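okay, sequence plus prediction incoming.
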Amino acid sequence: MRRVVVTGIGAISPCGLDVASTWENIQAGKSGIATITHFDATEYSVQIAGEATGFDPEKYIEKKRVREGDSFIHYAIAAADEAIKMSGFEPTEQQKEKVGTIVGVGLGGLPTLEKMGRTLETKGPKRISPYFIPAVISNLAPGQLSMRYGYKGSSFTTTSACASGAHALGEAARAIRLGELDACLTGGAEGCITGLGIAGFAQMRALSTRNDAPDKASRPWDVDRDGFVMGEGAGMILLEEYEAAKKRGAPILAEVLGYGTTADAYHMTSPAPEGEGAQRSMRMALNNAGLLPTDIGYVNAHATSTGVGDINELLAMRAVFGAHATSGTLAVSSTKSMTGHLLGAAGALESVLCIKALLTSIVPPTINLDQPIEEAQGLNLVPHHSQERKLRAVMNNSFGFGGTNATLIFGRI
């Protein structure tokens, strides 16, 4: 089986508009969550989110072409540009036939969908933009990337709620291992901070209403957590077959060691008791990587700051890691405490952060963890401040509505 390595990473997030600024703020424990500016949220029960503040699509896309895509496509392009530039990847025309574009997207172009809905109602069908459909459908994120760079391999979207980005990375790595692709531009993108998006999750009572203290609102594993905070952005990763990357002198950042994916087959929005599906996902990734639980030094947890979800993931990790979970040698944190939850882009951005943790030997913190829940006893959840530690392999968990689970493992090369 062929080996798969990471040669480039890119990020657009609430904590920064590139990898360097995002990582600087993440390791410093600085929140990117603030009062919503994308629309007037005064009358909403939820008025906070993690916005990609200052993002200008015209820095990456020709002005007249910006209207061809919604914000999730813009974020994907910006993060992809950074990843490719970092990698120095310049395939020949023949090589491009085996370079894929696989991007996870949860909800797609909700801002444009909402806008066009108002246009239809107030101005009629003839005023709908001809770019409406290609701007909102999810597969135009990888589609636009494919056209932008001329990559002619597999091009599709994985849509599995909050596991979308992780599934995209896992499927891309699998295609390279099997020889179906030689390289793949992959990751996740999301841009759903709109009235409809916020109201929808708020009506489910899934979001935090801590409007008076946005930077304190996302509190994974804390007794006072009251829901997740929506975020937006993208994480993009260039994956290559190891020997080819080595031959061209690529900057090899990490290796994709393992991938696991399961279903709870339990409930529409709640995880299976004791994270049964999550346990199988983590064990599958470990088996796929040929690693023992004790080989993992850090877990970037899904941990969104919800009641049932946070508890069940901890129970799942206790079951999978056993004594290693409380030995002091396993660090577990939730970077969603700073970025909020990027939905379909979460697993991709958090994979970028896992790779940075490997490269820097710094484990990012879980901020706002003032009073850990009982189920957290004995676990190192990296409260408040980053920790320095040498890492051999790291794990990233992503779980979504419908009981979908994905686990990725990255390692030093």
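Sure thing, it's come through. Numbers count the residues shown, from 1 in each chain.

hey, let's count contacts and neighbours off CA atoms from now on
OK.

in terms of helices and strands, where is the residue nearest in space to the middle of the chain?
The geometric centre of the chain, computed from its C-alpha atoms, lies nearest to residue 346 (Cα atoms, centre = their mean), at 2.2 Å. Element membership of residue 346 [criterion: DSSP states H and E] is helix 346-360.

related to what we said a few turns ago, roughly how far does the residue nearest to the centre of the chain sit from residue 44?
24 Å (Cα to Cα, to the nearest Å).

spatially nearest residue to residue 143 (excluding sequence neighbours)?
In this structure, residue 143 finds its nearest non-sequential neighbour in residue 155, 6.4 Å apart by Cα to Cα, 6 or more residues apart in numbering.

meant to ask about residue 216
residue 368 (6.0 Å).

does that neighbour really touch residue 223, like I thought?
No: with contact taken as Cα atoms under 8 Å, residue 368 and residue 223 are classed as non-touching, separated by 10.4 Å.

more neighbours, these two?
When residue 368 is set against residue 223 and neighbours are counted by other Cα atoms under 10 Å, the residue ahead is residue 368, at 23 against 15.

any buried residues in stretch 240-256, and which?
240-242, 245, 250-256 (16 or more other Cα atoms under 10 Å).

which stretches in the chain count as strands?
In the chain, the strands defined using DSSP state E lie at 4-12, 34-35, 48-49, 99-104, 155-158, 183-190, 233-241, 254-263, 296-300, 331-333, 362-363, 387-388, 393-400, 404-411.

out of these, deepest packed?
Neighbour counts averaged per stretch over these are highest for strand 183-190, at a mean of 35; criterion: mean count of other Cα atoms under 10 Å.

let me know the average pLDDT across that strand.
Confidence over strand 183-190 (mean pLDDT, whole number) is 98.

give me the angle between the helix holding residue 346 and strand 4-12.
Angle of helix 346-360 versus strand 4-12, following axes from the mean of the first three to the mean of the last three Cα atoms, to 10 degrees, is 110 degrees.

run the chain-centre distance for helix 346-360.
Relative to the centre of its chain, helix 346-360 is centred 9 Å away, using Cα atoms, centre = their mean, to the nearest Å.

now for it, which elements pack on it?
strand 4-12, helix 164-177, strand 183-190, strand 233-241, strand 393-400, strand 404-411 (3 or more Cα pairs under 8 Å, 6 or more residues apart in numbering; DSSP states H and E).

got JSON lines for the ones you listed, with distance to residue 379 too?
Listed next are these as JSON lines, based on distance: least, Cα to Cα, whole Å:
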{"stretch": "strand 4-12", "distance to residue 379": "29"}
{"stretch": "helix 164-177", "distance to residue 379": "24"}
{"stretch": "strand 183-190", "distance to residue 379": "29"}
{"stretch": "strand 233-241", "distance to residue 379": "28"}
{"stretch": "strand 393-400", "distance to residue 379": "16"}
{"stretch": "strand 404-411", "distance to residue 379": "20"}
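
among these, which comes closest to residue 205?
The stretch from the helices and strands packed on helix 346-360 with the least distance to residue 205 (Cα to Cα) is strand 393-400; that distance is 16.1 Å.

list the strands paired with that closest one, with their directions.
Within its sheet, and counting by DSSP bridges, strand 393-400 is paired with strand 296-300 (parallel), strand 404-411 (antiparallel).

closest one to residue 285 among those strands?
With respect to residue 285, and counting by Cα to Cα, the nearest of the strands paired with strand 393-400 is strand 404-411 at 6.1 Å.

so for that closest one, what's the average pLDDT?
Computed over strand 404-411, the mean pLDDT rounds to 98.

repeat that for stretch 362-374.
Mean predicted lDDT for stretch 362-374 stands at 98.

what about the helices in the chain?
In the chain, the helices defined using DSSP state H lie at 19-27, 71-87, 110-123, 132-136, 140-149, 164-177, 195-203, 242-247, 276-289, 307-321, 336-339, 346-360.

for the fifth one, packing partners?
Okay, so that is helix 140-149. helix 71-87, strand 99-104, strand 155-158.

try 6 Å this time
The elements that helix 140-149 packs onto, with contact taken as 3 or more Cα pairs under 6 Å, 6 or more residues apart in numbering; DSSP states H and E, are strand 99-104.

relative to helix 71-87, how tilted is the strand it packs on?
Computed with the same axes, to 10 degrees, the direction of strand 99-104 lies at 140 degrees from that of helix 71-87.

my guess is residue 215 contacts residue 33. True?
Yes: with contact defined as Cα atoms under 6 Å, residue 215 reaches residue 33; the gap is 5.4 Å.

any idea how far residue 378 lies from residue 324?
Residue 378 sits 11 Å away from residue 324 when distances are taken as Cα to Cα.

neighbour-wise, which of the two wins?
Comparing residue 378 with residue 324 by other Cα under 10 Å, the one with more neighbours is residue 324, at 19 against 11.

who's the residue nearest to residue 295 when sequence neighbours are not counted bridged to?
If you skip the residues right next to it in sequence, residue 295 has residue 393 as its closest partner in space, 6.4 Å away by Cα to Cα, 6+ apart. Residue 393 has the following beta-bridge partners by DSSP bridges: residue 296, residue 411.

quick one, what contacts residue 393?
Contacts were defined as Cα atoms under 6 Å, 6 or more residues apart in numbering; by that measure residue 393 touches 296, 410-411.

and for residue 38?
So, once contact is read as Cα under 6 Å, 6+ apart, residue 38 ends up touching nothing.
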